[in-house]
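> pasted the sequence and its predicted model underneath.
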Amino acid sequence: MQNFFDFTGKVVLVTGASSGIGRATAEFFGECGARVAVSYLKNQAGAEAAVAAISANQALGAASGAESSPTVSETSGSRRAIAVRADVTKNSEIEHMIRETEENLGAIDILVNNAGSLVERLKTAELSEARWDEVFALNVKSAFFAAQAVIPKMLEKGAGVIVNVTSIAGRNGGAPGSIHYSAAKGAMITMNKGLAKEFANQGIRVNGVSPGVIDTPFHETFSTPEAMANFANNIIPMGRVGTSREVAQVIAFLASDAASYLCGETIEINGGMLMD
């Protein structure tokens, strides 16, 4: 039986991958044999820890007799993972991130646009134009222009996968003080469909995941322990918050051939909190 989670020989770039869902996704792809670029902005220690975990896991697999990744070209070397610092709100740094990935690991097969943040909770009357623009640049602009940057080489190969990490906030309007974030995540859901329609017949699949309440540094920053307990006890039908790894596994599914006929979809991962 085919192992759909075997990504041996694939190059994966995950943005915002130094903690939370991004880091879990990078490490999971590494466990599955991929060569992984871990993109980060501020948390260099977290990114380097993810790289170390990926490299150690794959080295352990090779030592135990598991099939190792095939040797890549001399220009991209034989590294299994790298950390790349980039401010993905700036096109010049997106281009640098792509170039560093290609030079060290090879052409990108899978892009996971995970970078994003609420930045701060603000009521409508408190929202400034600058904060609105910042949140949209971080969540939407970054994802679009990262996709734009990787698509040409995917077209050359006739294959590629892009997975955009949105949020339940993009479906339900979010919690109080997050209209800028929920609007941005809603835009990402629409962007998924637009990109998918344009490139589906050229071998590139574009889909999204929409996490609900996940135990990540995001909620450590923006949600109180009381709110998290209320979600688990009273709102989420499964009676618990999710884990980053559970989201990572769905992202990997979307990137795999098991999802070969999924196109323009956004998968809800929320323990039943929102059901379409």
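Ah, there it is.

> before we move on, which element is the closest residue to Ile98 other than its chain neighbours in?
Of all residues not flanking Ile98 in the chain, Ala149 sits nearest, at 4.9 Å (Cβ to Cβ, 6 or more residues apart in numbering). For every residue, glycine as well, the C-beta is placed using N, CA and C. If you go by DSSP states H and E, Ala149 is part of helix 142-157.

> and the contacts of that helix?
13, 15, 88-89, 91, 94-95, 97-98, 102, 107-109, 111, 113, 115-116, 160, 162, 164, 188, 191, 195, 199, 202-204, 206 (Cβ atoms under 8 Å, 6 or more residues apart in numbering).

> tell me where the chain has helices.
20-31, 44-63, 91-104, 129-136, 142-157, 169-172, 179-199, 217-222, 225-230, 244-255 (DSSP state H).

> need the contact partners of the first one.
In other words, helix 20-31. So helix 20-31 is contacted by 7, 10, 12, 14-17, 36, 38, 46-47, 50, 53-55, 57-58, 80-81, 110, 112, 114-115, 165, 211, 214, 216-218, 243-245, 247-249, 251-252, 255 (Cβ under 8 Å, 6+ apart).

> which members of these are classed as buried?
The neighbour-count test (16 or more other Cβ atoms under 10 Å) marks 7, 10, 12, 14-17, 36, 38, 46-47, 50, 53-55, 57-58, 80-81, 110, 112, 114-115, 165, 211, 214, 216, 218, 244, 247-249, 251-252, 255 as buried among the contacts of helix 20-31.

> sorry, back to before: any idea of the pLDDT on the residue nearest to Ile98?
On pLDDT, Ala149 comes in at 98.

> ok, the residue nearest the centre of the chain - contacts?
The centroid of the chain falls nearest to Asn114 when counting by Cα atoms, centre = their mean (3.2 Å). Counting by Cβ under 8 Å, 6+ apart, Asn114 touches Val14, Thr15, Gly16, Ala17, Ile21, Gly22, Thr25, Val165.

> go with 10 Å
Contacts for Asn114 (Cβ atoms under 10 Å, 6 or more residues apart in numbering) come out as 14-17, 20-26, 39, 88, 142-143, 163-165, 209, 247-248, 251.

> before we move on, the earlier item: can you say which of the helices of the chain is packed in most?
helix 20-31 (a mean of 27; mean count of other Cβ atoms under 10 Å).

> give me the angle between that one and helix 244-255.
Counting by axes from the mean of the first three to the mean of the last three Cα atoms, to 10 degrees, helix 20-31 points 60 degrees away from the direction of helix 244-255.

> begin at 49 from now on, thanks
Yep, numbering from 49; the last one is helix 68-79 now.

> how big is the angle separating helix 68-79 from helix 92-111?
Going by the same axes, to 10 degrees, helix 68-79 makes 20 degrees with helix 92-111.

> could you dump helix 68-79 to PDB, C-alpha only?
Provided in PDB are the C-alpha atoms of helix 68-79 (Å, rounded to 0.1, in the frame of the first residue of the first chain):
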ATOM      1  CA  GLY A  68       3.200  26.600  17.100                       C
ATOM      2  CA  ILE A  69       1.500  25.200  14.000                       C
ATOM      3  CA  GLY A  70       4.400  26.300  11.700                       C
ATOM      4  CA  ARG A  71       7.000  24.500  13.700                       C
ATOM      5  CA  ALA A  72       4.900  21.400  14.100                       C
ATOM      6  CA  THR A  73       4.300  21.400  10.300                       C
ATOM      7  CA  ALA A  74       8.000  21.800   9.500                       C
ATOM      8  CA  GLU A  75       9.000  19.000  11.900                       C
ATOM      9  CA  PHE A  76       6.200  16.700  10.700                       C
ATOM     10  CA  PHE A  77       7.300  17.100   7.000                       C
ATOM     11  CA  GLY A  78      10.900  16.400   8.200                       C
ATOM     12  CA  GLU A  79       9.700  13.200   9.900                       C
END
